[in-house]
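> Could you work out the structure for the sequence below:
(one chain, ligands or ions: 2)
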Amino acid sequence: MSEASCIFCKIVAGKIPSRKVYEDEDIFAFHDIHPWAPVHFLLIPKLHLASMAQVGAEHQALLGRLLALAPRLALQEGCRPYPQGGFRLLCNTGAEGGQEVQHLHFHVMGGPRPWLKG
Ligand code: AMP
Ligand code: ZN
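Ligands and ions are numbered 1, 2, ... in the order given. Predicted coordinates:
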């Protein structure tokens, strides 16, 4: 399911180019176009969900798989191992949560500091 006007649905469909980090049947990950940190990619479900506010019990397995991928992909993309390294996992939700793109996404950020933001 996709939404015609959604930029991240277009990225999943290959209609907008991205630097892909990971893809399977349900999940897509790609580098953020304006990275805040040496490593900064976005982890998203292919299913169009506008935000965490739309997540329900039927999405538990999908969200579980998505979150379980974060540490593996963080290491793959160059984050150093925990505890000296590690990464930040961030999900902005709604206007007051700082969300700009209305397709559920988790930011995964890491690498040596200082970072541009955060
Ligand atoms: P948020 O404020 O959590 O909604 O963040 C949206 C993120 O999407 C920002 O960090 C943007 O830099 C990023 N972004 C927007 N458009 C693209 C794109 N075409 N490719 C990669 N990242 C993007
Ligand atoms: Zn979408």
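> pull the longest strand from this structure.
strand 39-45 (DSSP state E).
> how about the following helix or strand past it: buried residues?
For strand 39-45, the following helix or strand on the C-terminal side (DSSP states H and E) is helix 60-76. By neighbour count on 16 or more other Cβ atoms under 10 Å, the buried set for helix 60-76 is L62, L66, L69, A70, P71, L73, A74, L75. Placement of C-beta: from N, CA and C, glycine included.
> can you check stretch 87-102 too?
Buried, per 16+ other Cβ under 10 Å, within stretch 87-102: F87, R88, N92, Q99, Q102.
> Export stretch 22-42 to CSV, keeping only CA atoms.
Taking Å, rounded to 0.1, in the frame of the first residue of the first chain, the C-alpha atoms of stretch 22-42 are listed here in CSV:
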residue,chain,number,x,y,z
TYR,A,22,18.8,-2.4,3.2
GLU,A,23,15.7,-3.8,1.6
ASP,A,24,13.4,-6.8,2.2
GLU,A,25,9.8,-7.6,1.5
ASP,A,26,8.5,-5.3,4.2
ILE,A,27,11.3,-2.9,5.1
PHE,A,28,13.5,-0.3,3.4
ALA,A,29,16.5,1.7,4.7
PHE,A,30,18.3,4.5,3.0
HIS,A,31,20.8,7.3,3.8
ASP,A,32,19.3,10.6,5.0
ILE,A,33,19.8,13.3,2.4
HIS,A,34,20.8,15.8,5.1
PRO,A,35,22.9,13.8,7.6
TRP,A,36,23.3,15.1,11.1
ALA,A,37,26.0,12.6,12.0
PRO,A,38,28.7,10.6,10.1
VAL,A,39,26.2,7.7,9.9
HIS,A,40,22.6,8.7,9.4
PHE,A,41,20.1,6.6,7.7
LEU,A,42,16.3,6.1,7.8
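> Enumerate the residues of the chain near ligand 2.
E3, C6, F8, C9, H48, H103 (Cβ under 5 Å from the ion).
> any low-confidence regions in the protein?
1 (pLDDT under 70).
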